[in-house]
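Q: I'll drop the sequence and a predicted model, then ask my questions.
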Amino acid sequence: MNDSSFEDLMDAIESGAATADQAATLSELICSDATFRARYVRYMSRRGQLAVSARRISESVPESERASSSTEVVSTPSLRRRRVWMSFAAMAASAALVVMGYQYFNHDRNGSLVGIEGQQLNTSIAVLEAQDGYWHCPGLNAEVGEPIGPGRWLRLDQGTATVRFNSGVAMKLIGDTLLQIVSAERVLLVHGDARTNVPENATGFTIATAAGDVVDLGTEFSVSTDGSSIDVHVHDGLARIDSAEMASQMVSEGQMFRVDPVSKKIERLPLDPAIPGKAKAPLHIAYQVRAGMLGNQPYPGKVGHDFVVHRPIAVTRLGVFDSASDGLSSTLTCELWRRDTSGTPTEFGDDSGAALLATVVFDPGQEAALVGGHRMQPLKKGELILQPGSYSVVAFGFGTPDPNGNDWEAGWYRAEKRRDDGEQAIEFVGSSRFGAAESEFDANDFPISIDTVFADRYLAGTFEFRLVH
């Protein structure tokens, strides 16, 4: 696909006129090809400026001419694009923001292998501290605990994710958000919502947008943008909005301002007392996957993940992966084990099953709630309290009718997964495990063969829990 075809495809997506096949083509391109992924973020970066430019053109044309020329504009999209690009070319100063935004996208994910657990980068300036949402696709995602270097692009589809900078700055992404971590002091927000808490030592941290820069002056603030105008809400402290076309605006605690570069207005908005994403659900699901995901492995043996409990939790439900989220055709089983580490907690190959704590069987046609891509059922004997220690969740029975999912080394499902550690009550460890042959189980039927790369390699079993206070 050449640049022109890609531009036409993106135009169709953005206008809402794309077919299902076109949407699938775009998703496949940006998720599998680093070159097209780079083109995608460049397109999204300049979209804000193009929107501003297009609106200015429209507002500069008399109403009578707009009405008479509407058919021509709709029927000649190439002419419309040329007009927009001519105006855009005249906005050299504003375009500098866009150039800054994507000039660092020279290496896909800092040249690293997608999704390697615990990978250390010498250029790290931040880390993904928490995730309670789904990424757009591999290449625009990050793993919890993964170091993040300058120039990294992130695209969150839904939910939340928190990036913690080495300076102590905490940035929470909310909902559909695309941004670039430009440097330790600067982020480019193309569209979406970001709430940022800046400690005193990092004063001056800046969120750049198409409408201007939001500069921290020792504060906690939220920035929301549709790619053109921005809303800035200061929750605590003080911030400044710098725009190339308008005078700077100071925003104090408890104030919210909107900056519109088309009308060249900065207006104060009534304060919305709601703080997005602040409330936390009392229940947590450890391993999660987006609904509708298809399995890729008809492996009937046991597959499992290891975890460590640091604070007491109560397990309320167990779950199994339901490929396509369309109901089970086979009997699947989820088990919860206490794990014996043999005195070597960081070496998982010598672990064994100390005790089988809980088992839930999922039969075809049986009523079981669908949560994300998992079928969930409560434990038969009620809640199970897990004290601090080492444990594993294991599932089996998958096959051709109901395959499980395997990330393999490439991380096929990384953007479709998330994990919830219950405010660090549990820790996801190891690199997953499996067992099919007799030699791959211990005396208690616990899988002892160790896999590679990911602590949550499989779409298989999961569990729901709450904190015990």
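A: Done, it's in.

Q: center of the protein, which residue is that?
A: Against the mean C-alpha coordinate of the chain, by Cα atoms, centre = their mean, the closest residue is Trp135 at 3.0 Å.

Q: That one pairs with what?
A: When bridges are called by DSSP bridges, Trp135 pairs up with Leu156.

Q: give me the low-pLDDT residue ranges for the protein?
A: Low-confidence segments of the chain, defined by pLDDT under 70: 1, 3, 13-16, 18, 20, 23-24, 27, 31-32, 41-122, 272-281.

Q: Quick one: the helices in it, in order.
A: 3-15, 20-32, 34-60, 63-75, 77-89, 92-102 (DSSP state H).

Q: Now do the contacts for Leu379.
A: Counting by Cβ atoms under 8 Å, 6 or more residues apart in numbering, Leu379 touches Val315, Thr316, Arg317, Leu318, Ala358, Val360. Yep, even glycine has a C-beta here, placed from its N, CA and C like the rest.

Q: oh sorry, the question was meant for Ser449
A: By Cβ under 8 Å, 6+ apart, the contact list for Ser449 reads Arg433, Phe434, Gly435, Glu440.

Q: Of the residues you listed, which is the most crowded?
A: When the contacts of Ser449 are compared by neighbour count (other Cβ atoms under 10 Å), Arg433 ends up highest, at 25 neighbours.

Q: where's it relative to Thr344, distance?
A: 15 Å (Cβ to Cβ, to the nearest Å).

Q: again with Asp260
A: When Cβ to Cβ is the yardstick, Asp260 and Thr344 sit 60 Å from each other.

Q: and these two? which has more neighbours close in?
A: Of the pair Asp260 and Thr344, Asp260 is the one with more neighbours under other Cβ under 10 Å, namely 17 against 10.

Q: Hmm, Asp226 and that one touching each other?
A: No - Asp260 is beyond contact range of Asp226, at 10.7 Å (criterion: Cβ atoms under 8 Å).

Q: can you give me the strands for the stretch 251-400 of the chain?
A: With strands called from DSSP state E, counting those that start in this stretch, the stretch 251-400 of the chain shows them at 256-260, 265-269, 284-285, 287-289, 302-309, 313-321, 332-340, 352-362, 369-371, 374-378, 384-386, 389-396.

Q: what's the closest of the ones you listed to Ile30?
A: strand 287-289 (20.3 Å; Cβ to Cβ).

Q: name the helices or strands packed onto that closest one?
A: Here strand 287-289 touches strand 417-419, strand 461-467, going by 3 or more Cβ pairs under 8 Å, 6 or more residues apart in numbering; DSSP states H and E.

Q: Nearest spatial neighbour of Phe398, chain-adjacent residues omitted?
A: Asn404 (4.2 Å; Cβ to Cβ, 6 or more residues apart in numbering).

Q: I'd guessed the one you found sits against Val303; true?
A: Yes - in this structure, Asn404 sits in contact with Val303. The criterion is Cβ under 8 Å, and the distance is 6.2 Å.

Q: what do those two both touch?
A: Shared between the contact lists of Asn404 and Val303 (criterion: Cβ under 8 Å, 6+ apart) are residues Ala395, Phe398, Tyr458, Ala460.
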